[in-house]
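J.: Can you look at this prediction? I've put the sequence above it.
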Amino acid sequence: MPVLMIAEQPNMDEGTYASMLEPLMPLLRSANGFISHAGGPSPAGGMRIVEIWESETDQKKFFDENLKANLPPGLAPDLTYYDLHAGFTR
């Protein structure tokens, strides 16, 4: 079942987000279960990242293998998952 993942990053600015996203884009695009990614300013401050994955397991595996150990100090995302009936891009 597809999931919507929302990551709230209150201590992340747009420059940090952009510098992390550039090397991650090819990894995301080739990741098992990845469907889409979007990110921008959060109304609460910092950045909000929204992704759709084929499963929560796929997203957690990607996070653990590619992001967790490489996050800048002080950045610990608050991840929330929501089950979806469908998830797709164009």
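T.: Now that the structure is in, tell me what you want to look at. Numbering: from 1, shown residues only.
J.: and the least confident helix or strand in the chain by mean pLDDT, what other elements does it pack with?
T.: The weakest-scoring helix or strand in the chain, judged by mean pLDDT, DSSP states H and E, is helix 14-30 (a mean of 93). Here helix 14-30 touches strand 34-41, strand 47-53, going by 3 or more C-beta pairs under 8 Å, 6 or more residues apart in numbering; DSSP states H and E. (C-beta placed from N, C-alpha, C; glycine too.)
J.: closest to residue 67 out of those strands?
T.: Closest to residue 67 of the helices and strands packed on helix 14-30 is strand 47-53 (C-beta to C-beta; 10.4 Å).
J.: With just CA atoms, put stretch 70-78 into PDB.
T.: The C-alpha trace of stretch 70-78 is given here as PDB (Å, rounded to 0.1, in the frame of the first residue of the first chain):
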ATOM      1  CA  ASN A  70      24.600  11.700   6.800                       C
ATOM      2  CA  LEU A  71      22.300  14.200   8.400                       C
ATOM      3  CA  PRO A  72      24.000  17.400   9.600                       C
ATOM      4  CA  PRO A  73      24.300  17.800  13.400                       C
ATOM      5  CA  GLY A  74      21.100  18.900  15.000                       C
ATOM      6  CA  LEU A  75      18.900  17.700  12.200                       C
ATOM      7  CA  ALA A  76      16.500  14.900  13.300                       C
ATOM      8  CA  PRO A  77      13.400  14.800  11.100                       C
ATOM      9  CA  ASP A  78      10.000  14.200  12.600                       C
END
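J.: Centre of the chain to that stretch, how far?
T.: 12 Å (C-alpha atoms, centre = their mean, to the nearest Å).
J.: Report pLDDT for residue 87.
T.: Looking at residue 87, its pLDDT is 83.
J.: Can you give me every residue that contacts it?
T.: Residues near residue 87 by C-beta atoms under 8 Å, 6 or more residues apart in numbering: 2-4, 35-36, 52-54.
J.: Could you check how far it is from residue 37?
T.: Taking C-beta to C-beta, to the nearest Å as the measure, residue 87 and residue 37 are separated by 12 Å.
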